[in-house]
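K.L.:
need a structure here:
(2 chains)
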Amino acid sequence: MTGRNRLSGPLDDVARDAGHLDHPARVGFFTDTSVCIGCKACEVACKEWNAVPEDGLDLLGMSFDNTGMLGANSWRHVAFIEQSRPLGHQDPGLAGLPTGPSGIGETVHAVEPRLRAAPRGGSELGTEPLPNAQDLGMPAFSRPGDDSGAESRTDFRWLMASDVCKHCTHAGCLDVCPTGALFRTEFGTVVVQQDICNGCGYCVSGCPYGVIDRREQDGRAQKCTLCYDRLGDGLEPACAKACPTDSIQFGPLDELRERADRRLEQLHGLGVDEARLYGRDPNDGVGGDGAFFLLLDEPEVYGLPPDPVVPTRNAPQMWRRAGAAAAAFALAGIGAFVSSTLGSRR
Amino acid sequence: MGSNMAEAHPVGFQWVMEAKARGARLIHIDPRFTRTSALADTYVPIRAGTDIAFLGGVINHVLTNELDFREFVAAYTNASFLVGEEFADTEDLDGLFSGYDPETATYDRSTWHYEGVDPSGSTPKGDSARAKEQTQPMQAGGRGATVEGAAEDIVKDPTLQHPRCVFQILKRHFARYTPEMVERVCGTPQQQFRDVCEAWTGNSNRDRTTALVYSVGWTQHSVGAQYIRTGAILQLLLGNVGRPGGGVFALRGHASIQGSTDIPTLFNLLPGYLSMPDVAHDDLATYIDDQRAGGQKGYGYNVDAYMVSLLKEYFGDAATAENDFGFGWLPRIDGDHGTYRTVMDMIDGKVFGYFVMGQNPAVGSAHGKLQRLGMANLDWMVVRDLTEIETATFWKDSPEIETGEIVTEECRTEVFLMPAASHVEKEGTFTQTQRMLQWREKAVEPRGDQRSELWFFYHLGRLVRERLAASEDPRDEPVQKLAWDYETEGDGEWVEPSAEDVLRRINGHDLTTGEVLDNYLGLKADGTTSCGCWIYSGVFADGVNQAARRKPHDAQGPYEAEWGWTWPMNRRVLYNRASADPEGRPWSERKKLIWWDADAGRWTGHDIPDFPVGTAPGYVPPEGTTGPDALHGDDPFIMQADGKAWLFAPHGVVDGPLPAHYEPHESPVRNPIYTQQANPTRKVYGRPDNPSNPAPPEGGSEVFPFVLTAARLTEHHTAGGMSRQLPYLAELQPALFMEVSPELARERGLTHLGEAHVVTSRAAVQARVMVTDRMAPLRIDGRVVHQVWMPYHWGATGLVTGDVVNDLLGVVLDPNVFIQESKVATCDVRPGPRPRGAALTAMLDELRTRAGITTATGTRVGTAAGVAHVEEPATPDTPTHSPAATSEETP
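P.N.:
The predicted structure follows:
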C-alpha cells in the first residue's frame, strides 16, 4: 500500500479504503436541476425524517429561497436564481413587453427620481448573482412603455436547484475529525455520529463546500447522513423519495454517473449548451462527489465553489515541506547553538 | 392556462415532466412567470381575466385557416345544427345576445334554440330570472341541459355551409378575435400568440392530441363557466376530446374536492349531480318530467332510477312507491342559497347557526371582512379543524377588533371548536382530479378527542334523531325517517361507524337479493335498488372495495384499470366513443383507445367503452325512442340530450350560448371588443358592506389603476390552517409578500423587502415587497397596465401571521354556478405600512369618496348601446361608510 496517496485523486473503492472489506456498492445522489420545480419537498422530507429543527422564520428576499444555505438546521437547500439569460430554446415570453411606467401622465414626475435611485427596484437581491445593473433611461411616452430606453426585458430564466452534502470521495470533514465522530459508511457515504462529536469544529473549516455546520444549541456538527438509517433498511433517502419530478435521484454511484452522462448528452442535443455536470469527475479536487449535480450555469451562480479542493489534498506535500522547514530550523538552531557556543569559546 | 400546476399540484406535475422528457412541448399561459413557467418550453404572458379573448383568438385562427378536425367536428358536435332565425349574436348587439332583459339582467333563452324546436318546454322551471337565482345551469351539469326534441332529428346542414348552422355562427362570432385584438386585450405580443396557435393546431390531428389543463385560475371569474366553455369549444374543434392525450383537465384545489361535488356539499345538488328539487316540484313525477323535458337521448334520461335508488338509500324501508319514495321529505330550493348569499343573510340577521368544517372562510373566502361580520352575528357556530383557525378566533383577533367593528365582549356568537382527525387518522376515500376514488387506510389512531367527520356526523345524526324521536312536527319527519343504520365497530355509545359500509351503500344494493350492484346500469325506478350516488355505482362491484386496488403499473395494461377506481364504471377517458371514427375504427393506430369489434358485435379496446357496448357504429334507433336506446351509433356524448358535444349551447348556460370576452367586474380598461363592458348577467350585490371599485365606463377607476390577482404557493395550504402551524412549512414562506415588477416598484417607490400595502375599496393589506422580473407590465389597448400578485395564505394565527389577502376582494359572482370573481380585481399599491384602527377606516372612506363609490357602483351591469340596467337598485345611493353600515348588526 505504500506510495498510494489516499488523500486525493480517484479512488475506486472508497468503502474498502475505509476498512469495509465486504460492503454494498457506493451510493449517492444525482441531482438533475433541469427538472427541479422548486417545491422544497426535499427540505421538508429531510427535516421530518431526521428531526432537524426549524431554521428561522425570516423572509430572505432571495427569490423564493427562504432557507439561504445549508447548515446545521438545513441539510437540504433549494436555491432559486432569477436571471436575464436564455434557457436552451425556452421562450421566456417577456421579450417586447413594455419596461416603462404605466401611462398615467402624472406619474412621470414621480417616477423620474426613482428611476435613477433604484435601477432595478431592488430586484437584484438574490435574483442576479453577478452585478448586472442597467440604466433603463427615462420614459418619453411616445407609446406607453415603449421608449424607456434599453427595452431590456428580453431573456429570462428561473433556475432551481436542491443542494446537499456532497459525500466527497476525499472528505475534508472526515479527514480532520479528531474524535472519529465522522466516519465513512459501508455505502461510501460520510456520516457524523453526534454522540461522539465533541464540537471542536475542525470539520467546519475542513469542508470545501461549506456544508457541515455546528448546531448552536449543543455545538455538535450536523449534516446530511444520506439517510444512513434508511439505507440500512433498503430504503432510499427521504429527499429522493419525496422528490416528485425525480430531480433528486438516488442509486449506486456508477449507475448515476451513466444516467447523468446520458441526460447531459440529451440536453446538449436539445440546445441547452450551458448544461454541465458538477462533482461528477473523479479527478477533481475532492476525488469526485457522492452527491453530484447537473447544473445550467456556472457553479458560483448556485452558490457552489467552482473548483473545490479537499484541504487535506496537499497535506502530504505540506508535511514534507513543513518537515523540511523544521529540519532547516533545527539545523539553523544547531548552527546557531554551535556558532554561539563556538563564539563563546572565543 | 389558468393553472400553476408545478406549484399547486407538484405531485401531478411529475407526469407533465415525464411527458416533456418524452418530447411533449409544454406551454404555460399565465399572468406571471411561475415555477410552472420556469419548466415550460414557452411562457406566454396574459392579463388576468382575459383568457376568453385569448382562446377566442385561437378559435378564430382555427376557423379562419380551416384547421379544425373536420370529420370529428361534423360527426360528433352540433356544428351542423341550424339555429333559429330569431337568434342574434354579440356581433349584432354590441356584446349582448338576443333576449337580454335589462330589468332582471338575465336572458330569455328562447331565441337561442335549434331551428324548428319549440323552446317553450325547455325552461320548465319558469322564467330566466329564476333560473339564474337557482343556478339552473349547475343543476343541469350532471346530465346536460334539456333540449326540446333532442332525441329526434334536428335540422342540420352536414356541409356546414348554411349561414345559420352552428359552425358558421361560431365563425362570425369569433371573427374579430384577431391576433391584433388579442394583443390589445390580453397584452400578449402577437408573435407569441401566433406561436401558440401554430403549436396547438399542429399537434392536434388524427395522430396527435393536445391536452388543456386549467385550475381555479379559470373558474374564479364572473365569466368562470364561459372560460371552461371556450376551452371545450377549442378542444372539440381540434378533436381533442374523448381521445387519449386530449381533454380539458380541471385540476381540483385540494384533496377530494372532486368528491365533495360528486357527493356534494352544495345547496343546489344531490349526489351524482342530480338537481336539488325545486319548490315547484310537488311530487316525484313532476321532478322527473322536468329533468326529461321534451324527450332526451342518453343516460341522463334514467334520472328516475337514480333518484328513486337514492331515496331508497336515504330512507330505507320508509321509502315506498305509495309515499313517492319519500320525495316529499327532501328539501326544496326557492332561490339563491349560495355561500355568499348566506353570509349576507347572516349579517342581515336571517341565519342563526353555522357549521364550518375543512374550511377557513375568515381567511380563505372572498371578502374576508364580510365573512367575519356574518359569523359575528350568529347564535352559534361549530368549527371542526386540526388547529384553532381564524374562523374560530375571529371574535378576538380579527382586523375588525382593531377598527371597533367587532367588540369581543359584545359578540353574540357562541363558537364551538371541535378537534378533527387528520387524513392519516381516519379511513375512507379521496376522489381526485381524474374522478378516481382511492381508498386510504387509517395509519394511526386519532389523539385525544380528535374524530373523523364520519364519526361526528354519524353521532350528530344519532343524537338529533334521539331528541326528535317523539316529535310530531311534520318538519322533523325527514330526520325521523332516515335509515341511519350504517355498520359500526366497537361497543357502547361511541361506536365507530364503518367507512367501508358507507362506501358499499354509496355503491348500492339490489334490495331483492341483498347483493351489491355491479354498476349503475342495474339501477331501477321501482324501489328494488338502493344507491347513494349513481355515478359511484360499481366502486364495490363483486363485493370488492375497488377503490383500494393498488396493482403496480408494470403488472397491468396501459390504462392501469386496476389502480383505484374511476367513475363512471371505471372508465379512464370520458366520452371515449369519440376516440374512434363514425365507423368505429380508431382515428389512428397511435391514438387508438376503443373500437367496434364487428365479429363480436361490441365495443372493445384498452379502456372501458363509455357507450352502450352493443350499439353498432351505424345504428339508427326507431322514431320515438328516448334514453340510452335513442343514442345513434355516432352519438359519443351520452349525457347530452342530443348526443353531441355543444359548440353552441342552445340551453343550459344563462350568460350566452357562446363565450364572449367581457372585462372583469373590476377592470382598469374599457372592453376593446364590445360596448358591453362586463358580463351583463353577473350577480352583483350592491350593499354598503360590499363596495365595488369603479370600472369604465364608470368614472373613478383611475383610483385603482393596477390589476390584482392572488393565488397560492407550494409551501402553504390554502387558508393556511394546515401549514402556518407547522414550522417546517412556515419557515419556507415565512411572510406575506406582494410580487411587483421593477417598473411598478419604481413608479410607486417600493423597495425590495420593504413594507407596502395594497388597497381596494374594501380593505388595505400590508405585505413585504418582492420586486421581480417574473412580473412584467403589459401594454393593454395603448397603455401600460401593471399587475400585482399576492399569495393568500396568511391570517392572525399560527407561527407566521399576516394580513388576509382575501379582504381585498368584493363579492361578485358568475351567474351560472355562483363562483366568486376572486382571481382578478383592481387595486392601488402604496409604500410603507398600512394605517391601523380608525386611521384605516378613514383612509378607506377617503378612497371611496375620491373614487365616487356608492352602493350603485358596479351594479350597472348592462352597458351595451341602449341598455341601462341597475341590478339591485333598492339600496339608497349613499357613500359607503363601512362601520356605520354594519356595526349595528354586529355588536
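
K.L.:
Give me the below-cutoff pLDDT ranges for the stretch 51-200 of chain A.
P.N.:
The model of the stretch 51-200 of chain A has pLDDT under 70 over residues A:99-154.

K.L.:
one more time with 90
P.N.:
Counting by pLDDT under 90, the stretch 51-200 of chain A shows low-confidence ranges at A:60-62, A:68, A:82-157, A:194.

K.L.:
which residues in it form helices?
P.N.:
Along the stretch 51-200 of chain A, the segments classed as helices by DSSP state H, counting those that start in this stretch run A:107-117, A:172-176.

K.L.:
And the stretch 201-346 of chain A, by the same measure?
P.N.:
For the stretch 201-346 of chain A, the helices defined by DSSP H, counting those that start in this stretch cover A:202-206, A:228-232, A:238-242, A:253-269, A:315-345.

K.L.:
Make a markdown table out of the ones you listed and add mean pLDDT, distance to residue A:294 and mean neighbour count.
P.N.:
C-betas here are computed from N, CA, C, even on glycine. Shown next, in a markdown table, are the helices of the stretch 201-346 of chain A (pLDDT from 0 to 100; distance: least, CB to CB, whole Å; neighbours: other CB atoms under 10 Å in any protein chain shown):
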| stretch | mean pLDDT | distance to residue A:294 | mean neighbour count |
| --- | --- | --- | --- |
| helix A:202-206 | 95 | 27 | 19 |
| helix A:228-232 | 97 | 23 | 16 |
| helix A:238-242 | 98 | 15 | 22 |
| helix A:253-269 | 97 | 6 | 16 |
| helix A:315-345 | 73 | 31 | 10 |
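
K.L.:
The ones you listed: which one's closest to residue A:189?
P.N.:
Of all these, it is helix A:228-232 that lies closest to residue A:189, at 6.7 Å by CB to CB.

K.L.:
Now tell me what touches that closest one from outside.
P.N.:
If you take CB atoms under 8 Å, 6 or more residues apart in numbering or on different chains as the criterion, helix A:228-232 is touched by A:27, A:49, A:185, A:187, A:189, A:191, A:236, A:237, A:238.

K.L.:
what do you get for stretch B:103-111?
P.N.:
Stretch B:103-111 is contacted from outside by B:84, B:86-88, B:97-101, B:119-120, B:123, B:127-129, B:131-132, B:650-651, B:654-657, B:680-682, B:815, B:861-862, B:869, B:871, using CB under 8 Å, 6+ apart.

K.L.:
Got a quick PyMOL command for the buried subset of these?
P.N.:
Here is the PyMOL command that selects only those of those that count as buried (16 or more other CB atoms under 10 Å in any protein chain shown):
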select buried, chain B and resi 84+87+97+98+99+100+101+119+123+128+129+131+132+650+651+654+655+656+657+680+681+682+815+861+862+869+871
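
K.L.:
Show the contacting residues for the nearest residue to residue A:298 once chain neighbours are set aside.
P.N.:
Nearest non-adjacent residue to residue A:298, counting by CB to CB, 6 or more residues apart in numbering or on different chains: residue A:306, 6.7 Å away. With contact set as CB under 8 Å, 6+ apart, residue A:306 has these partners: A:298, A:299, A:300.

K.L.:
ok, so what distance separates the first one from chain B?
P.N.:
Looking back up the chat, that one is residue A:298. If you measure residue A:298 against chain B using CB to the nearest CB, to the nearest Å, the figure is 19 Å.
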